[in-house]
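Visitor: Attaching a predicted model along with its sequence, questions to come.
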Amino acid sequence: MEQSKLNQARTNPEFLSFLEEQEAKAIEEQSISELYQVLDTLLVLDLDEDRIHKVYQEILKVSFEKIEDRLEEGTKLSLEGDDIFFIRSFYEHAIEKWSMGNYSGAKELLFILTQIVEDKKLLESFSIHMLNCANEIDMDQFYEQSVAHTVDENDEKYGYFITNYTFDVKEYLEANVEILQEQYQQMKHLLN
């Protein structure tokens, strides 16, 4: 979006009022897709940080409840409908923890994702993330050394996730299978 249009949206009272109504409605209805729509708009417009934080906390609250339900039901999440937003929120929270040096917290969230997501590409990617957290590789170092930055992801459903690497994914996972299995064993109690 052009800077002039951003400035116009930031100061348009009708738009800001509409956004406030959408935010209240999304929170009341606990609609994850609407909450993300509001959050993304707040971020693009670079509006009040406290407000952004409030919407993000609502997203996490809704996601944690829904994912807990899924764990109890034993049903998997797909990249369709609201499921993608539940996966996105857990993933973003894991990345946030990782970037702050909370390797254990990030690893636990990523482990849960490996247990409830049914997409092979994401499962492999979450496993790679887990391995790097287990080895306490700094998020910035991981991003600089392991993430392929020039790859265009043709499938937009993966747009929220790091899924392209500078190495062969299958070989990497095979070389680290024992560490991964050890990590799974250490965290399986999280599923109870």
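Guide: Okay, I see it. This one's a predicted model, so the numbers in the text were calculated from it and none came from an experiment.

Visitor: Could you tell me how many residues sit around the residue lying closest to residue 109 once chain neighbours are set aside?
Guide: Sequence neighbours aside, residue 94 is the residue nearest to residue 109 in space, at 3.8 Å (criterion: C-beta to C-beta, 6 or more residues apart in numbering). Any C-beta I mention is one placed from the backbone N, CA and C, and that applies to glycine too. Number of residues near residue 94 (other C-beta atoms under 10 Å) recorded here: 24.

Visitor: Test my guess that residue 94 contacts residue 114.
Guide: No - counting by C-beta atoms under 8 Å, residue 94 does not reach residue 114; the two are 10.9 Å apart.

Visitor: For the helix ranked longest in the chain, buried residues please.
Guide: Counting residues, the longest helix found in the chain (DSSP state H) is helix 49-73. By neighbour count with 16 or more other C-beta atoms under 10 Å, helix 49-73 contains the buried residues 52, 55-56, 58-60, 62-63, 66-67, 70.

Visitor: The helix or strand just after it: how far from the chain's middle?
Guide: Using DSSP states H and E, the helix or strand that follows helix 49-73 in sequence is helix 83-99. Computed by C-alpha atoms, centre = their mean, to the nearest Å, the separation of helix 83-99 from the middle of its chain amounts to 2 Å.
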